[in-house]
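>>> mind folding the following:
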Amino acid sequence: QVPLVESGGGAVQPGESLRLSCTASGFSLNYYAISWFRQAPGKEREGVSCITSGGGGSWHADPVKGRFTISIDNAKKTVYLMMNNLKPEDTGIYYCAADYTCVTPDMVTSWGQGTQVTVSS
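Residues are numbered from 1 along each chain as shown. Down below sits the predicted model:
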């Protein structure tokens, strides 16, 4: 799988926004789908969003629909996860993974360090 680096996390208050980045090192993302996942303390890793190769389609988990959007900048080899109206339950470490299609956590063989998102008042 393609090595990726997650960034953009931080500590925000409920209702605020963050934009996460998932950047490929040395590889084009033109032929890959990028999936975002998160893991909250004490919980299993779960899928959040995905964008298909070429950006033609996307998927969002029900808890984030209407609040998160996903986009791709092929020139920068970066996928963005724009998170609006953040809630405390969005707290967790966010990871991304590249594959030829959107994947579930059990299909990922190598994880990056992720980026921490903390939503708290």
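
>>> quick one: the residue located most distally from the centre of the chain from Ala11, how far?
Most distant from the centre of the chain: Ser121, at 23.0 Å, with distances by CA atoms, centre = their mean. Ser121 sits at a distance of 11 Å from Ala11 (criterion: CB to CB, to the nearest Å). C-beta coordinates here come from the backbone N, C-alpha and C atoms, glycine included.

>>> and the residue farthest from the centre of the chain, what does it touch?
Gln13, Pro14, Pro88 (CB atoms under 8 Å, 6 or more residues apart in numbering).

>>> need the residue closest to the centroid of the chain.
Using CA atoms, centre = their mean, the most central residue of the chain is Trp36, at 3.0 Å.

>>> surely it forms part of a strand?
Yes. Assessed with DSSP: H, G, I helix; E, B strand; the rest coil, Trp36 lies in a strand.

>>> from Met83, how far out is it?
10 Å.

>>> now do Ser7
For Ser7 relative to Met83 (CB to CB), the value is 13 Å.

>>> so which of those two has more stuff around it?
Higher neighbour count among Ser7 and Met83: Met83, with 27 against 15, using other CB atoms under 10 Å.

>>> wait, that one sits on Pro63?
No. The pair Met83 / Pro63 is not scored as a contact, 11.5 Å apart, by CB atoms under 8 Å.

>>> one step back: using CSV, please lay out the contacts of Ser121 together with neighbour count.
Shown next, in CSV, are the contacts of Ser121 (neighbours: other CB atoms under 10 Å):
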residue, neighbour count
Gln13, 11
Pro14, 13
Pro88, 12
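
>>> take those and keep only those in strands.
The strands, defined by DSSP state E, take in nothing from those.

>>> let me know the pLDDT of the residue farthest from the centre of the chain.
Per-residue pLDDT puts Ser121 at 96.

>>> just list what the helix or strand containing Tyr95 packs against, helices and strands only.
Applying DSSP states H and E as the criterion places Tyr95 in strand 92-99. Counting contacts by 3 or more CB pairs under 8 Å, 6 or more residues apart in numbering; DSSP states H and E, strand 92-99 packs against strand 4-7, strand 18-24, strand 33-39, strand 78-83, strand 115-119.
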